[in-house]
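Colleague: Predicted coordinates and the sequence they were generated for:
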Amino acid sequence: MSFSTMRNGLAVAVTSALAAVAAAQSSTCDLVKSQTKIESYKRFEIEYTSAQTEYWSTSCGDLKPSCILMPTTTSEVSAIVSILASNNETFAVKSGGHNPNNGFASIDGGPLINTKNLDQVIFDPKTETVRVGPGNRWDEVSKALDGSGYTAVGGRIGNVGVGGYLLGGGLSFMSTEYGWAANSILEYEMVMANSSIVRVREDNHPDLFMALKGGGNNYGIVTSYLLQAYPQGDVWGGNLIFDATPEVTEAMLAAVRDFTENYDDEKAGIIVTAERTLATLVDIWVIFLYYNGPEPPEKVFEKFFAISKFKINTTKTQSIHSLLSGNNWAILKGSVYTIGTETMPLPNEANGAEVMKRIYDSWVETSDKAKFVPGLVASVAFQPLPKRLAQVAKDKGGDMLDFDTDIDRIVLELDYSFIGSASYDKIDKTMRETYGGFKDVVTEYQDSGVLPKDVYLPLFSNDCFYPQDYYGRLRPEKLALARRVQADVDPKGFWKTRTGGFKIPSEY
C-alpha cells in the first residue's frame, strides 16, 4: 500500500470521525447541555431512572429517551424548542405521566421534556384565579389551595397530572357545577413552534383559545394555565365497595342510569366502576362519591346506599385535598396500563335495564378472553354526562367536544392493567374489541329504535386508546377549526410530525 493511499484512507477516517462527533454535538441533548443551564439527565443517572418510574404505565417508563430535559421557566422551554427546530429529532412532553399510550408523553430514543419543575401554584384571592404549572399533579394543586377557601376544577384522582388532563378537556367531580376543567381556563401561556412565547386568551387569540380546549399537544407546549378558582369549604366523599353479585350489578346499573337522568343536584359527582381481577376471582363494584358540601342531602345518593350491604364505606366529611389524595389508592403502579373509551346515549327508564346489562355483559365477555393474562385487572367506569354538564360548558364559552343539551349520555372508560409487556399485543386486541363491542351494542339499539339514532357521540380525549379517532368523532366545524388553527400557528407541521398524541388528520 502506498503512502498516498494510506494518507487518503486516514483522511477519510478522520473526516468520518469528525462528522460523527459533529452529529453527536448537534443533538438536542448535547446542545441543551452545552448552550444552556437547563437540567438534563441521561440514562443510568439517578434522576433519569427516578423520572422514568413516575409513569402510571410501566410500558411508558420502559421507553428510553435520549435524555430528560427539566426546564424551570417558560424561557427555558423556548430555548429547547429553538434547538429542536434546528434538527429533525422526535421528542415528547411529559406532565404527570398518567396517559398510558406509548409515545404520547413518552419516547424511545429522542429527548423528553419533563415539565415537573414547572410547578407553580399561585393563587390570587382578589381576582379569584390560580396560575398552575403543567408539572403539578392535582393533589399538589389541592394541597397548595388547602385552607384558602378556594378550589380549582381538576382531576378526581390526585396523582393525575395537570398538563395532559387540561389539554384533553378534563372531566371533574365538579363538572356539573363548572363544566369541563378546560371551561375554567382563562389563559394559556405557551411556547409556539417558532419558539415564541404567547399568552393565549379568548380576547386576543379566540380560535386558538377554543382549539386548545380539548386540542391536545397540536399547537405548542403550555407552560402555565390561569384558572378560575371557586369558593369551596369542606366536601364529602369517598368510596363504597360491593361484591358484584347479579343482584348488586342489576341494582347498580339501574342506579347509575337513574342518577344520570335525574341529576337534581349539581354539587354531586360520581364514578361507578366495575372491577374484575385475579382471573375473575375478585369481582367488585367500586363507587367514587363526591359532594360539594360537608354532607349530601339524604336523597342524592340514596339508591347507591340502598344497594345490598357494601363491603367498605370510606365516605366522610373532609377537605378536597384529602379526598383527591385519598383516591390515589386506585392507581396500580408497577403494571402496564391501557385505557379506552366509548360514549353512549342514556337509555330511558323502560329500556334501561336491558341496554345497561348488554353493555356490562359485553365487557364481561370480552375481558374474559384475557382473564389469564398475568396480573390482569379489568375495569369499566360508567361516568354520567348529563345535559346539565353540556349546558354549563356552553354557558362558559364552549370547547372542542361541544356536547349539545339534547340528550343525557354516559362516558364509558375502559382500563386493562397487567404485569409485563409480553401480553401487550393480546391486551391491545382485547381493548379494541371491548370498545368496539360497546359501539356495536349502541348501534344495534339505535337501529332498532331503542336508543336515539341521530345523536352526537364524540370521544372523550383523556380516555382514548391510541388508535381511536378522536378528531373524526368531533363536529365537522370543530375539526375544520382545528385544521385552520394548526395551519396558522404551525404551518411547517412541527408538532404534527415530531411528537406523538392524537393528531389532526389532513383529510378523511
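Modeller: In hand now; what should we look at? Numbers count the residues shown, from 1 in each chain.

Colleague: any weak-confidence spans in the chain?
Modeller: 1-25, 278-280, 508 (pLDDT under 70).

Colleague: now do 50
Modeller: Residues of the chain meeting the criterion pLDDT under 50: 1-25.

Colleague: Gly135 touches Gly164, doesn't it?
Modeller: No - contact between Gly135 and Gly164 fails when scored by CB atoms under 8 Å: they sit 11.5 Å apart. For the C-beta atoms, the positions are set from N, CA and C on the backbone; glycine is no exception.

Colleague: Name all residues that sit in contact with the two at the same time.
Modeller: Contact criterion CB atoms under 8 Å, 6 or more residues apart in numbering; residues shared by Gly135 and Gly164: Ser95.

Colleague: tell me the contacts of Pro386?
Modeller: Residues near Pro386 by CB under 8 Å, 6+ apart: Thr176, Thr260, Glu261, Tyr263, Asp408, Arg409.

Colleague: how many neighbours does the closest residue to the last one other than its chain neighbours have?
Modeller: If I follow you right, that is Arg409. With CB to CB, 6 or more residues apart in numbering as the criterion, Arg409 has its nearest non-adjacent residue at 4.2 Å, and that residue is Leu385. A total of 23 residues lie near Leu385 under the criterion other CB atoms under 10 Å.

Colleague: of all the contacts of Pro386, which comes closest to Glu342?
Modeller: Among the contacts of Pro386, Arg409 lies closest to Glu342 (CB to CB), at 10.5 Å.

Colleague: bridging residues for the closest one?
Modeller: Beta-bridge partners recorded for Arg409 (DSSP bridges): Pro345, Leu385.

Colleague: Spit out the contact partners of it.
Modeller: Arg409 makes contact with Thr260, Thr343, Met344, Pro345, Leu346, Leu385, Pro386, Phe403, Leu457, according to CB under 8 Å, 6+ apart.

Colleague: With Glu354 as the reference, measure out to the fourth one.
Modeller: Going back to what we said before, that points to Pro345. 14 Å (CB to CB, to the nearest Å).

Colleague: Same check on Arg131?
Modeller: As judged by CB to CB, Arg131 and Glu354 stand 49 Å apart.

Colleague: And Arg432, by the same measure?
Modeller: Counting by CB to CB, the gap from Arg432 to Glu354 is 25 Å.

Colleague: Which one's more surrounded, the two?
Modeller: Ranked by neighbour count (other CB under 10 Å), Arg432 and Glu354 place Arg432 first, with 15 against 11.

Colleague: all strands of the stretch 1-150 of the chain, in order?
Modeller: 39-41, 67-70, 92-94, 111-114, 121-124, 129-132, 150-151 (DSSP state E, counting those that start in this stretch).

Colleague: Can you add mean neighbour count and distance to Leu324 and give those back as TSV?
Modeller: Shown next, in TSV, are the strands of the stretch 1-150 of the chain (neighbours: other CB atoms under 10 Å; distance: least, CB to CB, whole Å):
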stretch	mean neighbour count	distance to Leu324
strand 39-41	20	28
strand 67-70	24	25
strand 92-94	26	21
strand 111-114	26	22
strand 121-124	15	14
strand 129-132	22	14
strand 150-151	23	10
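
Colleague: hmm, back to that, the residue nearest to Arg409 touches Thr405, doesn't it?
Modeller: No - with contact defined as CB under 8 Å, Leu385 and Thr405 do not form a contacting pair (11.1 Å).

Colleague: show me what contacts Lys478?
Modeller: Neighbouring residues of Lys478 by CB under 8 Å, 6+ apart: Met400, Asp402.

Colleague: That one should be in a helix, yeah?
Modeller: Yes - assessed with DSSP: H, G, I helix; E, B strand; the rest coil, Lys478 lies in a helix.

Colleague: burial count for the nearest residue to Val121 once chain neighbours are set aside?
Modeller: Distance criterion CB to CB, 6+ apart; nearest residue to Val121, sequence neighbours excluded, is Ala144 at 3.8 Å. Neighbourhood size, Ala144 [other CB under 10 Å]: 19.

Colleague: now do the one 10 residues further on
Modeller: Residues within reach of Gly154, counting by other CB under 10 Å, total 27.

Colleague: for the stretch 51-200 of the chain, what spans make up the helices?
Modeller: Taking DSSP state H, counting those that start in this stretch, the helices of the stretch 51-200 of the chain run over residues 58-62, 74-84, 138-145, 162-167, 175-178.

Colleague: got those helices as TSV, with distance to Val272 columns?
Modeller: TSV is the format used below for those (distance: least, CB to CB, whole Å):
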stretch	distance to Val272
helix 58-62	27
helix 74-84	39
helix 138-145	21
helix 162-167	21
helix 175-178	15
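
Colleague: closest to Leu118 out of those helices?
Modeller: Each of the helices of the stretch 51-200 of the chain has some distance to Leu118 by CB to CB; the shortest is helix 74-84, at 7.7 Å.

Colleague: related to what we said a few turns ago, pull out the buried members of the contacts of Pro386.
Modeller: Thr176, Thr260, Glu261, Tyr263, Asp408, Arg409 (16 or more other CB atoms under 10 Å).

Colleague: And the fifth one, how far from Asn262?
Modeller: Yep, that's Asp408 we're talking about. 9 Å.

Colleague: With adjacent residues omitted, what lies nearest to Asp463?
Modeller: Closest residue to Asp463 apart from its sequence neighbours, by CB to CB, 6+ apart: Thr341 at 3.6 Å.

Colleague: Shouldn't that neighbour be within a strand?
Modeller: Yes - assessed by three-state DSSP, Thr341 belongs to a strand.

Colleague: please begin residue numbering at 109 from this point
Modeller: Noted, 109 is the first residue going forward, which turns the last one into Thr449.

Colleague: got the contact list for it?
Modeller: Contacts of Thr449 by CB under 8 Å, 6+ apart are Val519, Leu520, Glu521, Leu522, Tyr543, Leu567, Phe568, Asp571, Cys572, Phe573, Gln576.

Colleague: The fourth one in helix, strand or coil?
Modeller: This means Leu522. strand.

Colleague: residues contacting the closest residue to it other than its chain neighbours?
Modeller: If the residues on either side of it in the chain are set aside, Leu522 comes closest to Gly448, at 4.3 Å by CB to CB, 6+ apart. For Gly448, the contact set (CB under 8 Å, 6+ apart) comprises Glu521, Leu522, Met539, Arg540, Thr542, Tyr543, Asp571, Cys572, Phe573, Gln576.

Colleague: if I look at the second one, how far off is Ser174?
Modeller: Leu522 sits at a distance of 33 Å from Ser174 (criterion: CB to CB).

Colleague: between those two, who's got more neighbours?
Modeller: The neighbour count for Leu522 versus Ser174, taken as other CB under 10 Å, is higher for Leu522 (23 against 19).

Colleague: Of the contacts of Pro494, just say which sits nearest to Phe317.
Modeller: Closest approach to Phe317 among those (CB to CB): Thr284, at 23.4 Å.
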